[in-house]
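A.B. asks: below: sequence and its predicted model.
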Amino acid sequence: MDIAKTKVNNALQYIFTAVRILIGWHFLYEGLSKLISPNWSAAGYMLESSWLFSGFFHNLAMNEAALRVVDFMNVWGLIFIGFGLLVGGLTRIASGAGALLLLFYYVANPPFIGFMGETTGEGHYLIVNKIMIEFAVLLLLALLPSKTTLGMDRIIKRFFKKPDKPEATLKNEPDLAAVNQRREMLKDLITLPVLGGFVWAALKKKKWESFEERNLISQPSRVDAVFGASPKSVTFSGLDNLEGQIPKGRIGNYEISRILAGGNLISGYAHSRDLIYVSHLVQSYFSDEKVIETFKLCEAVGINAMIVRVDVNTLRIMEKFRKRGGKMHWIAQCKIKDDELAPDIDAAVDNGAIACYIHGGICDETVRADKTEVLVRAVEYIKSKGVLAGLAGHDIQVIMECEKYNANPDFFMKTLNSGNYWTAGPRLITDPEWQPNPKEIVEPEFGADVKDNIWSTTPEQTIEFMKEVQKPWISYKVLGAGAIHPKDGFRYAFENGADFACVGMFDWQVVENANIAINLLKENIQRVRPWQA
């Protein structure tokens with residue numbers, strides 16, 4: 001009976017030791033990976049929080065000093081906890097600390113229905129995920145005596161323990177106590193080769209990553225490319241690099257950030273010239289979780305409004321975003337027909353939009369068909385719903401006609417960029433003496449062969465006419481659908497009279513774009529038009 005009990009105890013000891021080592025390996029490598037990743041931060045994870053203490057986590061993420069402390073404690077906590085579990089040193093303390101850290105992870109993003117933690121890149125969870133499983137195991141290890149598992153704790157305890165008084169033994173009979181002690185020592189040293197294996201595997205992985213990096217960027221054309229694969233070009237700004245908050249203007253009773261988040265990318269649509277796969281790529285990238293993460297990043301940098309279309313997918317994501325604590329204002333892009341104004345507008349208002357505007361393409365077509373009165377009726381209908389009303393246009397004739405008809409929207413949206421990118425085509429007006437007419441469109445300045453490559457064909461004439469328009473102006477297509485650097489696009493828009501700029505962004509562009517806008521708007525920029533918002 002005693003022999004069977006001993007075998008069971010030994011088996012349990014080996015099982016607990018193996019489980020402890022596995023979790024320790026995981027913790028230690030997670031910590032080291034974060035340590036050597038220059039742009040890693042816990043900010044993104046905390047910004048996704050929408051359960052208990054979500055406000056606390058959001059405040060930590062948006063406070064630069066607090067975020068540095070959190071990142072430091074996270075990285076070194078993982079490293080020390082992992083090392084302790086791997087070698088079996090201070091096992092109960094390491095287990096308790098690890099369980100506490102995992103509890104914070106779980107509370108920040110639990111895998112509940114409708115929450116961010118429900119679906120990850122590695123699988124799907126419902127209440128129970130790997131964080132909870134490791135938490136339960138570590139909690140158990142913290143409650144068990146340290147002698148339950150093999151490792152340094154037992155060696156240290158044995159070293160400081162007073163030796164038992166040796167029992168008398170017959171001559172030539174082996175000292176069983178000494179033999180058992182040596183055997184136990186060897187068992188406890190099992191963690192050393194495991195630690196050696198960890199070091200070897202980690203170095204091997206790092207060496208392979210370095211090999212890949214060297215060889216994948218070995219061609220000069222790749223290294224020299226602006227958006228190539230060189231290590232310098234793939235380091236993205238995180239929230240710890242944020243230089244402030246984006247300034248705000250005002251439309252109606254709402255304070256609106258000078259930069260607004262555009263919705264084409266998030267809706268899965270990209271102006272990609274003749275690349276036919278890009279919209280599918282964007283749709284694959286922008287999962288619900290990635291959309292919400294991007295919106296949360298926007299909120300963190302001070303972007304408090306988004307311009308997103310009205311469709312079933314948008315309404316579904318907006319509901320999720322609101323449930324997770326999202327507070328960005330929604331300016332809804334609505335489509336109308338001559339005899340049907342209500343559907344998109346009603347849906348937007350019912351789902352929390354603070355403003356509705358008529359899609360630029362619709363406004364272009366309506367004005368070209370000499371039906372501007374339809375847009376006037378649309379503005380009246382939107383205002384009757386108690387929200388802000390706007391009109392958009394790629395063509396400056398839209399703004400001209402709406403001003404002539406006294407449509408009186410709360411804001412205009414008009415495309416604006418310099419056309420200074422090669423796919424825009426050559427400049428059509430070549431007369432160096434030409435000056436835009438403030439009351440009449442002479443001809444397009446760009447766009448001889450329009451193939452999803454240009455959306456602001458009359459920039460100088462737009463600037464000239466908008467000088468006299470006393471309404472807030474939200475400029476869009478300011479980067480030429482990714483063809484113009486934000487430093488140039490933002491400056492061109494704000495210096496030439498725009499009050500706001502709508503910009504579609506991937507998550508990894510948000511902080512960099514925010515910093516550019518923040519620093520630009522700190523300057524005493526020379527505007528050709530007074531601020532109207």
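C.D. replies: Good, I have the coordinates.

A.B. asks: looking at residue 68 now. What's its pLDDT?
C.D. replies: What the model reports as pLDDT for residue 68 is 89.

A.B. asks: surely it and residue 240 touch.
C.D. replies: Yes: applying CB atoms under 8 Å as the test, residue 68 and residue 240 come out as touching, 6.8 Å apart. C-beta coordinates here come from the backbone N, C-alpha and C atoms, glycine included.

A.B. asks: which of the two has more neighbours?
C.D. replies: The residue with the greater number of neighbours, taking residue 68 and residue 240 and applying other CB atoms under 10 Å, is residue 240; the counts read 16 against 12.

A.B. asks: report the spatially nearest residue to that one, omitting neighbours in sequence.
C.D. replies: Setting aside the residues directly before and after it, residue 240 is nearest to residue 41 in space (CB to CB, 6 or more residues apart in numbering), at 5.4 Å.

A.B. asks: so which elements touch the biggest helix by length in the chain?
C.D. replies: Longest helix of the chain, by residue count under DSSP state H: helix 2-35. In this structure, helix 2-35 makes packing contacts with helix 64-87, helix 91-108, helix 130-143, helix 191-216, judged by 3 or more CB pairs under 8 Å, 6 or more residues apart in numbering; DSSP states H and E.

A.B. asks: mind listing what's buried along it?
C.D. replies: Judged by neighbour count using 16 or more other CB atoms under 10 Å, the buried positions of helix 2-35 are 16-17, 19-21, 23-32, 34.

A.B. asks: again, but for stretch 148-160
C.D. replies: Judged by neighbour count (16+ other CB under 10 Å), stretch 148-160 contains these buried residues: 148, 149, 150, 151, 152, 153, 154, 155.

A.B. asks: before we move on, what about stretch 398-405?
C.D. replies: 398, 399, 400, 401, 402, 403.

A.B. asks: turn the residues you listed into CSV, columns for distance to residue 92, pLDDT and secondary structure.
C.D. replies: Below are the buried residues of stretch 398-405 laid out as CSV (distance: CB to CB, whole Å; pLDDT from 0 to 100; DSSP: H, G, I helix; E, B strand; the rest coil):
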residue, distance to residue 92, pLDDT, secondary structure
398, 71, 97, helix
399, 71, 97, helix
400, 76, 96, helix
401, 76, 96, helix
402, 72, 97, helix
403, 75, 96, helix
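
A.B. asks: that older thread, so which helix or strand takes in the residue nearest to residue 240?
C.D. replies: Taking DSSP states H and E as the definition, one finds residue 41 inside no helix or strand.

A.B. asks: surely it meets residue 66?
C.D. replies: No: Residue 41 lies out of contact with residue 66 (CB under 8 Å); the separation is 11.8 Å.

A.B. asks: dump the residue contacts of the residue lying closest to residue 155 once chain neighbours are set aside.
C.D. replies: With CB to CB, 6+ apart as the measure, residue 188 is the residue that lies nearest to residue 155, at 5.0 Å, once sequence neighbours are left out. Contacts for residue 188 (CB atoms under 8 Å, 6 or more residues apart in numbering) come out as 88, 150, 151, 152, 154, 155.

A.B. asks: give the contact list for the nearest residue in space to residue 150 that is not next to it in sequence.
C.D. replies: Using CB to CB, 6+ apart and skipping residues adjacent in sequence, the residue nearest residue 150 is residue 17, 4.6 Å away. Each residue near residue 17 by CB under 8 Å, 6+ apart is listed here: 88, 149, 150, 151, 190.

A.B. asks: now residue 256, what's its secondary structure?
C.D. replies: Classification of residue 256 using DSSP: H, G, I helix; E, B strand; the rest coil returns strand.

A.B. asks: what does stretch 370-388 contact?
C.D. replies: By CB under 8 Å, 6+ apart, the residues outside stretch 370-388 that reach it are 251-252, 254, 331, 334, 336, 338, 341-342, 345-346, 348-349, 353-356, 358, 363, 366-367, 389, 391, 398, 401-402, 404-411.

A.B. asks: what subset of those is buried?
C.D. replies: 251, 254, 331, 334, 336, 341, 345, 348-349, 353-356, 358, 363, 366-367, 389, 391, 398, 401-402, 407, 409-411.

A.B. asks: three-state assignment of residue 414?
C.D. replies: Three-state secondary structure (criterion: three-state DSSP) places residue 414 in strand.

A.B. asks: residue 402 is in contact with that one, correct?
C.D. replies: No: taking CB under 8 Å as the definition, residue 414 is not a contact partner of residue 402, at 10.6 Å.

A.B. asks: what's the pLDDT at residue 64?
C.D. replies: Residue 64 is assigned a predicted lDDT (pLDDT) of 80.

A.B. asks: for it, list the residues it contacts.
C.D. replies: Residues counted as contacts of residue 64 (CB under 8 Å, 6+ apart) are 240, 242.

A.B. asks: what of residue 105?
C.D. replies: Listed by CB under 8 Å, 6+ apart, the contact partners of residue 105 are 45, 131.

A.B. asks: what distance do you get for it to residue 326?
C.D. replies: Per CB to CB, to the nearest Å, residue 105 is found 21 Å from residue 326.

A.B. asks: try residue 317
C.D. replies: Here the criterion is CB to CB. By it, residue 317 lies 10 Å from residue 326.

A.B. asks: intersection of neighbour lists for the two?
C.D. replies: Taking CB under 8 Å, 6+ apart as the contact criterion, the common neighbours of residue 317 and residue 326 are residue 292.

A.B. asks: now, the buried ones among the contacts of stretch 370-388 that are in helices?
C.D. replies: 345, 348, 349, 363, 366, 367, 398, 401, 402.

A.B. asks: apart from its chain neighbours, what residue comes closest to residue 395?
C.D. replies: Take residue 395 and drop its neighbours on the chain: the residue closest to it by CB to CB, 6+ apart is residue 364, 4.9 Å away.
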